[in-house]
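> quick one, structure for this:
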Amino acid sequence: MPDIVETAVAAGSFKTLVQAVIAAGLVETLKSPGPFTVFAPTDDAFAKLPAGTLEAVLKDDAKLKAILTYHVVAGKVLAADVVKLNGHNVTTVQGGLLKVDTTHGCKIGTANVIKTDIETSNGVIHVIDSVLLPS
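Residues are numbered from 1 along each chain as shown. Below is the predicted model:
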C-alpha cells in the first residue's frame, strides 16, 4: 500500500499540496511510519486563496511548514472516529486546534470534508475543499 505522499501524487488532484510539501522539506516526515491523519486541500482549494498568497507562502519556509503541519493530526483518525469528535477540537502537529463539526456533513476548522478515509500505509487522508490557515 502506498504512503501518504505516494497516494497524494497518484491522485492527481493534490499537485499544489505535493509541491508545497516538497518546498517545505516535509516529504520524509510524511513518508515516515506515522501514523498521520492528513486533511488534504485539493488544487481547487489552493486556487481559492487570495491572489499572491500561495506564492508568498512558498517563499516563507516557517509559514509554509506551519500551514502544512496545521493540516496534519498525529494518529490515524477515520471518518467513524471523527463523528465521535463532534464539537471537540483536535490538536494538529503544528500545535493549533481545529474544531470538528459533524452537524451538517463534516467540517474540520473552516473546511468541508469532501472525501474521507483514503487509507495509506502510514495513515489516512481526508480531502477538504479549502486551505486551513493557523491564526
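> the helices in the protein, which residues?
Using DSSP state H, the helices found in the chain span residues 4-11, 15-23, 27-31, 43-47, 53-58, 61-69, 79-84.
> what's the closest of the ones you listed to residue 113?
Closest approach to residue 113 among these (Cβ to Cβ): helix 79-84, 7.7 Å. The C-beta positions use only the backbone N, C-alpha and C, and glycine is treated the same way.
> which residues are contacting the closest one?
Contacts with helix 79-84, where a contact means Cβ atoms under 8 Å, 6 or more residues apart in numbering, come from 100, 102, 106, 108, 113, 116, 117, 126.
> for the last one, which residues are in contact?
If a contact means Cβ under 8 Å, 6+ apart, then residue 126 has 37, 38, 39, 40, 79, 82, 108, 113, 115, 116, 117, 118 as its contacts.
> kindly report the same for the second one.
When the contact criterion is Cβ under 8 Å, 6+ apart, the partners of residue 102 are 82, 83, 85, 86.
> which of those residues lies closest to residue 20?
Nearest member of the contacts of residue 102 to residue 20, counting by Cβ to Cβ, is residue 82, at 23.7 Å.
> tell me the pLDDT at the closest one?
For residue 82, the pLDDT comes out at 86.
> and the one 10 residues further on, by the same measure?
We note a pLDDT of 97 for residue 92 in this prediction.
> one step back: which of the contacts of residue 126 sits closest to residue 10?
Nearest to residue 10 among the contacts of residue 126, with distances taken as Cβ to Cβ, is residue 118, at 10.3 Å.
> pretty sure the closest one is touching residue 124, no?
Yes: using Cβ atoms under 8 Å, residue 118 is in contact with residue 124, at 6.5 Å.
> for residue 130, give me its contacts.
Neighbours of residue 130 in contact, by Cβ under 8 Å, 6+ apart: 41, 45, 48, 110, 111, 112.
> just residue 3 next, same as before
30, 31, 120, 121, 122.
> who are the contact partners of the first one?
With contacts taken as Cβ under 8 Å, 6+ apart, residue 30 has the following neighbours: 3, 4, 5, 21, 36, 38, 72, 122.
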